[in-house]
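Just the structure for this:
(one chain, ligands or ions: 5)
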Amino acid sequence: MRCQSWLCLFCLVLPWMLCQGTSRSHPQQVHLSYPGEPTAMTVTWTTFAPAGSIVEFGPEPGRAFIASVRGEASLFVDGGCERRRLYIHRVTLRGLVPGQRYVYRCGSLRGWSRPYSFRALPNGTNWSPRLAVFGDMGNINPQSLPRLQRDTQQHMYDVMLHVGDFAYDMDQYNARVGDAFMRQIEPVAASVPYMTCPGNHEEKYNFSNYRARFSMPGDTEGLWYSWDIGPAHIISFSTEVYFYLKYGPHLIQKQYQWLEKDLQEATRPDRRRRRPWIITMGHRPMYCSNNDLDDCTKHESIVRQGLPEHQYGLEDLFYKYGVDLELWAHEHSYERLWPVYNYQVYNGSTAAPYTHPRAPVHIITGSAGCKERLDSFVLNPREWSAVRIEDYGYTRLHIVNSSHIWLEQVSDDQDGKVVDGIWIIKELHGPEAWH
Ligand SMILES: *[C@@H]1O[C@H](CO)[C@@H](O)[C@H](O)[C@H]1NC(C)=O
Ligand SMILES: *[C@@H]1O[C@H](CO)[C@@H](O)[C@H](O)[C@H]1NC(C)=O
Ligand SMILES: *[C@@H]1O[C@H](CO)[C@@H](O)[C@H](O)[C@H]1NC(C)=O
Ligand SMILES: *[C@@H]1O[C@H](CO)[C@@H](O)[C@H](O)[C@H]1NC(C)=O
Ligand SMILES: [Fe+2]
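Ligands and ions are numbered 1, 2, ... in the order given. Okay, the predicted model is just below:
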């Protein structure tokens, strides 16, 4: 029914535009993710015909492919009228030496990828992870991608966080836009773990393209999960459960209960001592001062306050467990907030607002680049808004140690210039820090 005749014309023309004439069992769309267990790394890729799922790898420098691991493939049938069939291959490498660089290739005897290399994440808490953070990057106009690739090839990052909204949209043209996008990010995502959360542009067919194409920790197909890196605990979740009730309103409660349990565990004294930073990532912000009608522009935003009966709001939950930093996207701009809770600013002090902040710090970074271009701001922001930048770009997050985080904003429009930067300094973490 959805396959209307005008659309089918596109269906004939677009494969020529979007496909890169490779054999159907040749691996493509190679990307990495961290499965949440130290010394492991997951490789995910796609073929259009059944093929084996093998990763060959070895330490670098050294003789290249001295080890070989098998994984498995799952069939993904897109929800579009063509019911396109993709084979998503997943192989998890285990027993890696923390901090060691490896070279690998993936595929099977029916075709191998080019070689890529990655560094196994260091183990333990006593190191300083560097992350790139951004949201809202599309197949058309992914302006920041070449710069992210350049940074990645200079080994600037341990991990990349894509805070929702991919490809615009992965399901389009019978998921060929998803294929094209996954090929576009391969030079980056095959070299550092590419960690994700769902955004509104992934909604189609119950987020099926998102769930099938990425391989995140946990058992929710990447809808919500958490993992540890150095001195931080990172929680990824779906703001979309609050907006697409047609896929099941029970998901709001299910996720909320999982979030609370995860926060309870992460704030157990022994765990929080080792990993004091708790960082969240979700697509739609609680606050923003953009010039549109999005949820975050409303005083009673749903993500912040929950549903109209004020159920399952996330601001109180995150405040209660002393979440330090909240990363958001969705607005195609960059906005940094003063430490804020319930619309009140809780600067550490006026001279140093982010030294011992008395509420969580929010960063909205959704300007990586997409066909919807940038979002503008209202003229006079509220007092919680600290900095607003309407440039294409992305954020760098350096978790230096248990007390120091450095955050900076890169403007792609201004040739990579760092246009904002703050130190968040906290000796005390957890709700005790608010008083
Ligand atoms: C990683 O760190 C944990 C906790 O410190 C330790 O139990 C484990 O043995 C370490 N693993 C490796 C491979 O170093
Ligand atoms: C959508 O997916 C979620 C998560 O897998 C599942 O729990 C839910 O039942 C699905 N909703 C529908 C309407 O199929
Ligand atoms: C928070 O600190 C900033 C920077 O010093 C200042 O401009 C702002 O007015 C402060 N807000 C409050 C409510 O103290
Ligand atoms: C954390 O890093 C900051 C900035 O480099 C440094 O000043 C501080 O002494 C470090 N603290 C610890 C506990 O290592
Ligand atoms: Fe969005």
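
the helices in the stretch 51-200 of the chain, which residues?
145-153, 172-189 (DSSP state H, counting those that start in this stretch).

Please identify which of the ones you listed is closest to ligand 5.
Between ligand 5 and the helices of the stretch 51-200 of the chain, the shortest separation by C-beta to the ion is 15.0 Å, and it involves helix 172-189. C-betas here are computed from N, CA, C, even on glycine.

How about residues contacting that closest one?
Applying C-beta atoms under 8 Å, 6 or more residues apart in numbering, the contact partners of helix 172-189 are 10-11, 14-15, 18-20, 28-32, 46, 78, 80-82, 84, 86, 137-139, 142, 145, 148-149, 152-153, 160, 166-171, 194, 209, 213.

Measure how that helix sits relative to helix 145-153, angle-wise.
In terms of direction (axes from the mean of the first three to the mean of the last three C-alpha atoms, to 10 degrees), helix 172-189 departs from helix 145-153 by 30 degrees.

thinking again about what came up before, include mean neighbour count when you put the helices of the stretch 51-200 of the chain into CSV, please.
Conversion of these to CSV gives the following (neighbours: other C-beta atoms under 10 Å):
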stretch, mean neighbour count
helix 145-153, 17
helix 172-189, 23
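
would you turn the ones you listed into a markdown table with mean pLDDT and distance to ligand 5?
As requested, the helices of the stretch 51-200 of the chain are exported to a markdown table (pLDDT from 0 to 100; distance: least, C-beta to the ion, whole Å):
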| stretch | mean pLDDT | distance to ligand 5 |
| --- | --- | --- |
| helix 145-153 | 98 | 18 |
| helix 172-189 | 98 | 15 |
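
is stretch 327-336 up against ligand 3 anywhere?
No - with C-beta under 6 Å from any ligand atom as the threshold, stretch 327-336 lies outside contact range of ligand 3, at a closest distance of 11.2 Å.

List, one by one, the residues from the stretch 51-200 of the chain near ligand 1.
Where the stretch 51-200 of the chain comes near ligand 1, counting by C-beta under 6 Å from any ligand atom, the residues are P98, N123, G124.

re the thing from before, would you reformat the helices of the stretch 51-200 of the chain as CSV and include distance to D262?
As requested, those are arranged in CSV below (distance: least, C-beta to C-beta, whole Å):
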stretch, distance to D262
helix 145-153, 29
helix 172-189, 25
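
closest one to ligand 2 among those?
Each of those has some distance to ligand 2 by C-beta to the nearest ligand atom; the shortest is helix 172-189, at 17.4 Å.

Return that closest one as PDB; C-alpha atoms alone will do.
Extracted as PDB, the C-alpha positions of helix 172-189 are listed here (Å, rounded to 0.1, in the frame of the first residue of the first chain):
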ATOM      1  CA  GLN A 172      14.000   6.200   3.300                       C
ATOM      2  CA  TYR A 173      14.000   4.800  -0.200                       C
ATOM      3  CA  ASN A 174      13.600   1.300   1.200                       C
ATOM      4  CA  ALA A 175      16.400   1.800   3.600                       C
ATOM      5  CA  ARG A 176      18.900   2.800   0.900                       C
ATOM      6  CA  VAL A 177      19.500   6.100   2.700                       C
ATOM      7  CA  GLY A 178      20.400   4.100   5.700                       C
ATOM      8  CA  ASP A 179      22.900   2.000   3.700                       C
ATOM      9  CA  ALA A 180      24.400   5.200   2.100                       C
ATOM     10  CA  PHE A 181      24.700   6.800   5.500                       C
ATOM     11  CA  MET A 182      26.400   3.800   7.100                       C
ATOM     12  CA  ARG A 183      28.900   3.800   4.300                       C
ATOM     13  CA  GLN A 184      29.500   7.500   4.800                       C
ATOM     14  CA  ILE A 185      30.400   7.100   8.400                       C
ATOM     15  CA  GLU A 186      32.500   4.000   7.900                       C
ATOM     16  CA  PRO A 187      35.900   5.800   7.800                       C
ATOM     17  CA  VAL A 188      35.100   7.100  11.300                       C
ATOM     18  CA  ALA A 189      33.000   4.400  12.700                       C
END
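
List the residues that contact whatever residue of the stretch 51-200 of the chain ends up closest to ligand 2.
Closest approach of the stretch 51-200 of the chain to ligand 2 (C-beta to the nearest ligand atom) occurs at P198, with a separation of 10.5 Å. With contacts defined as C-beta under 8 Å, 6+ apart, the neighbours of P198 are G164, F207, Y210, G222, L223, S238, E240, H283.

Perfect, that will be all.
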